[in-house]
Structure formats: structure tokens, C-alpha cells
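K.L.:
coordinates only, no sequence provided:
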Ligand code: THG
């Protein structure tokens, strides 16, 4: 499971304050703890409340790089921030994210290819987030074709079918499950399939339970990556167990420890 740690996001009060006051140790501690807990990569998002998004993103990248060589997912909706920051990231960079409109996705995929990076492509276009699984699958196919044309190998493309909070839309979790299965089935080689998992439980009670139940269901359909909280031990244990039960590893009594130490 390619876990991208979600905690370095200005949406969290501690991170927002650390960005404003340039408290590097808070960010570096979150980077270290997430990697030690099983993350493969770190999402980096300055959040809504920062005037200089580009400056804040560059500071976060530099601050994290002082303690970790993990792949960094630059999480911004602004092209000018993405274009300015991506060339400044030493090591592996993941562009998070592009919409699926071909002219937009081609630009992002080209930038990712140029820097030997990866791209997260959202199944969202000018018409917004699709209201069904069919449109998600169609936009997923469009993203795969656009990435290939731009010279980005499919194994460096992550398709995100976009999960919304279950208290906002009860149908979206089902649509995403179907989209994951179908996109995985028709593409060979398949791209990675990813979700921003915590979206599903925002402003709900039983958040941990909802997150780990839904993650297990998604893994059964072929999800192999998520932006999620690696500091939630039960969530990581559920992901490893779902992978065990879908034949991704061989059982042994210490399978949780074995998967953690080999980052499966
Ligand atoms: N797809 C892609 N990227 C994404 C998302 C996605 N990046 C951002 C987001 N969605 C994934 N990351 C988070 C991070 C935090 C939360 C949800 C998703 C979250 N935060 C608390 C909340 O809103 O309740 C913050 C409050 C707090 O606990 O302090 O839930 O879908 N490609």
C-alpha cells in the first residue's frame, strides 16, 4: 500500500500555526513520525489561510528535506504554485493534482515527466465532480491516455476518483468502489488508484471506524494508494490486513510487523 501521509496540511491547526510562525521543528517532527509509522511519501499542503502560497510551499519543502528524502506530494490547486515549486523539489516529486480536462492534464503530465515525477489525476473536469461511476471511469481513461501522450509512464500516474464526505453524499462511496474496480480492470498496465481517504468521514462521528472500514473495502476493489493518516495505528493495521486478505502477502503470525518493516 503506497501510503501518502496527510498530516502536513494547513487544514490542521498545529501545521497552520507552524507555517505562520516558521516553526520548522513541528513540521520536521510530523515528517519523521509519519515516515516511521509506515508512510512511503508525504503530502504537503499549505492550507487555505496563507497569503503567499508559493513561499509557504517552498519553505515546507525545504524544511521537510532537511530531515527526510521521502517523495513529496505537492498538494495545490494553483498551476503557478505547482510550476514554481516542482523544479525546486530534490528527490521524487508527486504533483497533487490535475483535473482530467485534456489540455490541463497534458500540462501537468508534461511537468511530471520532465522532472521524473508522478502525477495524481482527479476524475473531475470543467463540469465538476461526477455524480456517477461511469463518468469517473471515462475521466480516468482520459487521464491515462493524456499521460501516455505526454510521456508519463502509467506506473507514475495515480487516478483519484474523488471521495466526498458520506454525510454529504451517501452514493459517492459506492460510486468510487465501482470506479476503482473498473479502471483497474480495463487498463494494462494499470495506473495506481488513490483516494484522499479522510474526506469520507469529515464532520462525521466514528471517523476512525469509517476510515478503516472504507479503506478495506477499497483495497478489495483494487485501491493501492491513499493520502491518509499513518499515525492512526488501527488504520494502518486494517490496510495491511486487507492486503493480506486480497493475496498481496503470505500469512505469518507476525504479518503486521513483517509488512511494516518491509513497507508493503
Ligand atoms: N485527493 C487528493 N488530494 C487531497 C485530497 C483528495 N488532498 C487533501 C485531502 N483530500 C486529503 N487530506 C486530508 C487531510 C485532512 C483531512 C481530510 C483530508 C481532515 N482534516 C480535519 C478535518 O477537516 O476535520 C482537520 C481538523 C483537525 O483535525 O484539526 O479531515 O481527496 N488527490
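P.N.:
Received the coordinates, thanks. What you see is a predicted model; the values in this text were computed from it and never measured.
K.L.:
residues touching residue 87, list them.
P.N.:
residue 115 (C-beta atoms under 8 Å, 6 or more residues apart in numbering). For every residue, glycine as well, the C-beta is placed using N, CA and C.
K.L.:
what residues are up against the closest residue to the ligand within the stretch 51-200 of the chain?
P.N.:
Closest contact between the stretch 51-200 of the chain and the ligand, by C-beta to the nearest ligand atom, is at residue 196 (2.1 Å). Residues in contact with residue 196 (C-beta under 8 Å, 6+ apart) are 6, 160, 162-163, 226-227.
K.L.:
can you give me phi and psi for it?
P.N.:
The phi/psi pair for residue 196 (degrees, to the nearest 10) reads phi -90, psi 80.
K.L.:
tell me who's in contact with residue 31.
P.N.:
Residue 31 neighbours (C-beta under 8 Å, 6+ apart): 5, 8, 42, 64, 67-68, 70.
K.L.:
low pLDDT regions in the stretch 51-200 of the chain?
P.N.:
For the stretch 51-200 of the chain, not a single residue meets the criterion pLDDT under 70.
K.L.:
what does it put close to the ligand?
P.N.:
Residues of the stretch 51-200 of the chain found near the ligand (C-beta under 6 Å from any ligand atom) are 75, 96-97, 120, 160, 196, 198-199.
K.L.:
let's go with 8 Å and repeat that
P.N.:
Contacts of the stretch 51-200 of the chain with the ligand, taken as C-beta under 8 Å from any ligand atom, map to 73, 75, 96-97, 120, 122, 158, 160, 162-163, 194-199.
K.L.:
now render the contacts of residue 31 as a markdown table, adding neighbour count.
P.N.:
Formatted as a markdown table, these follow (neighbours: other C-beta atoms under 10 Å):
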| residue | neighbour count |
| --- | --- |
| 5 | 26 |
| 8 | 27 |
| 42 | 27 |
| 64 | 23 |
| 67 | 15 |
| 68 | 17 |
| 70 | 20 |
